[in-house]
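Undergrad: With the sequence up front, the predicted model follows.
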Amino acid sequence: MSQQKVEKDLGPYERRMLSLLKQRGQLKFGEIIMRLGLSANHGQRVLHSLMDKGLIERGRETNYFRRFQDGK
């Protein structure tokens with residue numbers, strides 16, 4: 001499935017999270033949920049959903065999340 005098709009089928013919080021990560025580059029979990037106004041549980045579900053779909057990744061040996069770069 002192409003990345004454009006996957007991004008089209010995202011929910012509103014998933015889209016907002018991807019947009020936030022695109023603007024900021026990388027953020028910690030706490031910063032993400034504060035900026036989006038999500039509870040920790042809801043934020044965790046949205047993050048895991050995006051990671052399962054291959055749209056974001058956890059930084060190597062860090063607590064940051066970021067979007068996958070094109071070409072990876």
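TA: Perfect, thanks for sending it. Residues are numbered from 1 along each chain as shown.

Undergrad: where does the chain have low pLDDT?
TA: Under the criterion pLDDT under 70, the flagged ranges of the chain are 1-5, 61, 69-72.

Undergrad: Helices of the chain, start to end?
TA: 3-8, 12-24, 29-36, 40-52 (DSSP state H).

Undergrad: Let me know which of those is the nearest to Tyr64.
TA: When the helices of the chain are compared by CB to CB, helix 29-36 sits nearest Tyr64, at 8.7 Å. Every C-beta, even on glycine, is put in place using the N, C-alpha and C of the backbone.

Undergrad: how distant is that closest one from the center of its chain?
TA: The chain centre lies 11 Å from the centre of helix 29-36; the measure is CA atoms, centre = their mean, to the nearest Å.

Undergrad: Just the buried positions in it, please.
TA: Across helix 29-36, burial judged by 16 or more other CB atoms under 10 Å covers Ile32, Ile33.
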